[in-house]
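sequence first, predicted model second:
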Amino acid sequence: NAGVTQTPKFQVLKTGQSMTLQCAQDMNHEYMSWYRQDPGMGLRLIHYSVGAGITDQGEVPNGYNVSRSTTEDFPLRLLSAAPSQTSVYFCASSSPDKLPSYGYTFGSGTRLTVV
Amino acid sequence: GQQLNQSPQSMFIQEGEDVSMNCTSSSIFNTWLWYKQDPGEGPVLLIALYKAGELTSNGRLTAQFGITRKDSFLNISASIPSDVGIYFCAGRVNAGNMLTFGGGTRLMVKP
């Protein structure tokens, strides 16, 4: 049981480049979310999804797009990378019906540097 | 949006000591979660709380859902070196599935 898998683990981008951070879960969780974590700070919600075909914005959505075509996958797209997007990105999934309810399982993160 | 104030921001304690940390908010939460994050890893769920007043243990860890539903507490008894890490509280409001995270408590344990 792999849980939540994020790829790549590390990435360096040049300003203006675009890329997609991949996230996949094998727990059949309905809910998936993307967070960013900056040094010395907590996690801030970027986008989230309550099921396939449904996404919504979180606290810091600007500069990011998401889609949820399947239950398993929830990719995060950076449209035009900026240095302010240098951060560690975490994908997480949970279910209201599987214990622990709403207890999000996190991936190991993608460390992104924009130069 | 909701904000969670977590304190203390950091603690440096002696091995064997007990640890207490808390999370407060001006908003009511329906679920409280406590996570631990090791360096270079994602947060790992420690304890989940669903009812006001609920007290739940996980080994040496005990967490409580505050009566007012605006706070939560985590205690670690008899700390050991592997307790080192960052502890985060997270809350879920009644009508949603999103989590709001506190700023974290960095715990350092001196052997």
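Yes, it's here. The model shown is predicted, which means the values in this text are computed figures rather than measured ones.

enumerate every residue touching residue B:90.
Residue B:90 makes contacts with A:104, B:4, B:32, B:33, B:34, B:35, B:99, B:100, B:101, B:102, as judged by CB atoms under 8 Å, 6 or more residues apart in numbering or on different chains. Just so you know, the C-beta spots here come from the backbone N, C-alpha and C atoms, and that holds for glycine as well.

same question for residue A:25.
A:3, A:4, A:5, A:32, A:72, A:74, A:91, A:93, A:105.

where does it fall, phi/psi-wise?
phi -130, psi 150 (degrees, to the nearest 10).

next one: the one 10 residues further on
As for residue A:35, its main-chain torsions (degrees, to the nearest 10) stand at phi -120, psi 160.

what residues are up against the spatially closest residue to it that is not a sequence neighbour?
Nearest residue to residue A:35 in three dimensions, chain neighbours excluded: residue A:43, at 4.1 Å (CB to CB, 6 or more residues apart in numbering or on different chains). Neighbouring residues of residue A:43 by CB under 8 Å, 6+ apart: A:35, A:36, A:37, A:90, B:43, B:88, B:101.

just residue A:107 next, same as before
A:3, A:4, A:5, A:6, A:23, A:90, A:91, A:92, B:42.

most centrally placed residue in chain A?
Nearest to the geometric centre of chain A sits residue A:34, at 2.9 Å (CA atoms, centre = their mean).

where does the chain have low pLDDT?
By default, I'm working from chain A. Applying pLDDT under 70 to chain A flags the ranges A:1.

wait, chain B
By pLDDT under 70, the low-scoring segments of chain B are B:1-2, B:94-97.

pull up the gap between the closest residue to residue B:3 other than its chain neighbours and chain A, please.
Spatial nearest neighbour of residue B:3, chain neighbours left out: residue B:25 (6.5 Å); criterion: CB to CB, 6+ apart. According to CB to the nearest CB, to the nearest Å, residue B:25 stands 13 Å off from chain A.

one step back: quick one: buried ones out of the contacts of residue A:25?
A:4, A:32, A:72, A:74, A:91, A:93, A:105 (16 or more other CB atoms under 10 Å in any protein chain shown).

can you pull the residues of chain B lying near chain A?
Residues of chain B that fall close to chain A, judged by CB under 8 Å from any CB of the partner chain: B:1, B:4, B:6, B:31, B:33, B:35, B:40-45, B:48, B:50, B:88, B:90, B:92, B:97-104.

cutoff 10 Å now
B:1-2, B:4, B:6, B:9-10, B:30-31, B:33, B:35, B:37, B:40-50, B:86, B:88-90, B:92, B:96-104, B:106 (CB under 10 Å from any CB of the partner chain).

of all the contacts of residue A:43, which two lie farthest apart?
Greatest spacing in the contacts of residue A:43, by CB to CB: A:36 and B:88 (14.0 Å).

rewinding a little: the contacts of residue A:25 also near chain B: which ones?
Answer for those near chain B (CB under 10 Å from any CB): A:3, A:4, A:91, A:105.

okay if I get these as a markdown table plus secondary structure?
Shown next, in a markdown table, are the ones next to chain B among the contacts of residue A:25 (DSSP: H, G, I helix; E, B strand; the rest coil):
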| residue | secondary structure |
| --- | --- |
| A:3 | coil |
| A:4 | strand |
| A:91 | strand |
| A:105 | strand |
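
the residues you listed: which two are farthest apart?
Greatest spatial distance among the ones next to chain B among the contacts of residue A:25 (CB to CB): A:3 and A:91, at 10.5 Å.
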